[in-house]
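> got a predicted structure here, sequence first:
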Amino acid sequence: MLKAREIFEKLSEWPHRGCGSEDEMEAREALIAELTGEYGVDITDEGFKCPRSYLPFFWMIAIGQAAVVLLSPWAPAFMLAAGILFFLSHLLYFDWRVSPLIWWGARTVTANVSASKGAGNRLVILMAHLDSAPSSYAYRPEQVRHFKLSVYMGTFIVGLGALIPAMGTQDVTLPNWAGWIVAVLLLGQAVVASIDFWRFGYTPGANDNLTGVAAATEVASRLWKTMPPDTEVRLVVTSGEEAGMLGAQHYWRQHRDELKQRETHVLNFDTVGYGNLSYVTQSGGFTPVYYDGPLARAAAAVTKIDKRYGHVTAAKHHVGDFDSVWFARDGISSLTVAAYDDEGLMPHIHTQEDKAYHVDMAIVEDAVRFGEAVIRTLPKR
């Protein structure tokens, strides 16, 4: 049986696993090599093209809206249409919904790994993302507490790219200096979002999310060893999560018909190596995402009926979102297991401090046991 600790130690040989990078590819191949030793498990490598991170999208919005603002005096109606497109793309992205322009710049070849065993009407997916994040100024300890405020302020500035040409269509013209100030603010946002990546590159990604990959892999291995009846158990390790949960979005789109036809449950593991183990009942950006389906009810039941998991609590996630969001918004039973410190944050993630020595493997192993208990507690439909 595959062990989370061994998977974590093995994959830690490839830090800085940016989407489509050589480190990510080699780590994925090492994981596949481990999975091939599992009896009766079918493994597939589902390739797709993806942006390397969310930064190309941020720059497209910033440059596009800056151009809209500066050109609106000459073509206000056309610039209004462009400004609305850029603003809606930004708004949908930060509400963690499908955004019209998010796949722009998708030239990097990467892949999701899928390993499955069993058959039946019920499909259980254990999910985690392998790619690591670009280093981010917004996740520095002194900044991450103000993450939502920065998102709201940034959205307001991007919204000016639609408001200014709208005013132009009503013959209300701002002075040139005002347009240049807005353009500088727009481009300044992109610079702030990129500066730590320019300096440091991708993060080591130990807690976010080698811990999740290790936990999901062991849970799958445990279930494969003693299969639940009438069930297919599938491990899905995604890429492109740090580009906007795009690997999971791609998987959801490619497999949606199958997922909707079967009794599907998606249990996602993300950042389970530091703090207090939790299962996430609410996330989302401008509008909330509620996790209240069978998996969430099973998780709540496990914490009540088994004293080994009485310390596991329900949590609301406030910074970003998870691969599970696409499935939850589509009405598919889904849940994310994560860990938080006493302030409800995930320390060190998206920074160069996200290294293996900050990870507590006892929490990862606790997540494994809890995840298996949740799946085995699921009632039959």
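Great, that's in hand. Given the structure is predicted, the values throughout are model-derived calculations rather than measurements.
> please settle this for me: is Ser99 part of a strand?
No - counting by DSSP: H, G, I helix; E, B strand; the rest coil, one finds Ser99 to be coil, located in no strand.
> how close does it sit to Leu123?
In this structure, Ser99 and Leu123 are 27 Å apart, going by CB to CB, to the nearest Å. Every C-beta, even on glycine, is put in place using the N, C-alpha and C of the backbone.
> next: Arg234.
7 Å.
> Asp341 reaches Tyr274, doesn't it?
Yes - if you go by CB atoms under 8 Å, Asp341 and Tyr274 touch, sitting 7.0 Å apart.
> more crowded one of these two?
With neighbours defined as other CB atoms under 10 Å, Asp341 and Tyr274 compare such that Tyr274 has more, 23 against 12.
> per-residue pLDDT, the more buried one?
Tyr274 is assigned a predicted lDDT (pLDDT) of 96.
> can you name the residues that contact it?
Tyr274 is in contact with 207, 339, 341, 346-348, 358-360, 363, counting by CB atoms under 8 Å, 6 or more residues apart in numbering.
> compare those residues and tell me which is most surrounded.
When neighbours are taken as other CB under 10 Å, the top entry among these is Asn207 (29 neighbours).
> identify the residue spatially nearest to it, adjacent ones excluded.
Spatially, and ignoring its direct neighbours in sequence, Asn207 is nearest to Gly273 (4.3 Å; CB to CB, 6 or more residues apart in numbering).
> can you check Gly310 too?
Spatial nearest neighbour of Gly310, chain neighbours left out: Thr303 (6.0 Å); criterion: CB to CB, 6+ apart.
> what about the one you found, how many residues nearby?
By other CB under 10 Å, 19 other residues sit near Thr303.
> then Gln352?
Applying other CB under 10 Å, I find that Gln352 has 16 neighbouring residues.
> let's verify it: helix, strand, or coil?
Gln352 - assigned by three-state DSSP - is coil.
> against Pro15, how distant is it?
Note on Gln352: its distance to Pro15, by CB to CB, is 10 Å.
> and what of Glu365?
Here the criterion is CB to CB. By it, Glu365 lies 21 Å from Pro15.
> from the contacts of Tyr274, which is closest to Phe322?
Met346 (11.3 Å; CB to CB).
> secondary structure element holding the closest one?
Assignment of secondary structure by DSSP states H and E places Met346 within no helix or strand.
> once you drop chain neighbours, what's closest to it?
Counting by CB to CB, 6+ apart, Met346 lies nearest to Thr271, which is 5.0 Å off, once chain neighbours are set aside.
> what is the neighbour count of the one you found?
Around Thr271 there are 29 other residues, counting by other CB under 10 Å.
> surely it touches Asn209?
Yes - between Thr271 and Asn209 there is a contact at 5.9 Å, judged by CB under 8 Å.
> if you count neighbours, what's buried in the helix or strand where Phe86 lies?
Per DSSP H and E: Phe86 is located in helix 76-94. For helix 76-94, a neighbour-count test (16 or more other CB atoms under 10 Å) marks 76, 79-80, 82-87, 89-94 as buried.
> now do the helices in this protein.
Applying DSSP state H to the chain gives helices spanning 4-11, 22-35, 55-71, 76-94, 141-144, 147-169, 176-200, 211-225, 246-261, 294-305, 325-329, 361-377.
> the strand ranked longest in the chain pairs with which strands?
Criterion DSSP state E: the longest strand present in the chain is strand 108-118. Under the criterion DSSP bridges, strand 108-118 sits next to strand 42-50 (antiparallel), strand 231-238 (antiparallel) in its sheet.
> hmm, back to that, how about the residue nearest to Met346, what does it touch?
Contact analysis of Thr271 by CB under 8 Å, 6+ apart lists 207-209, 211-212, 338-339, 346, 349.
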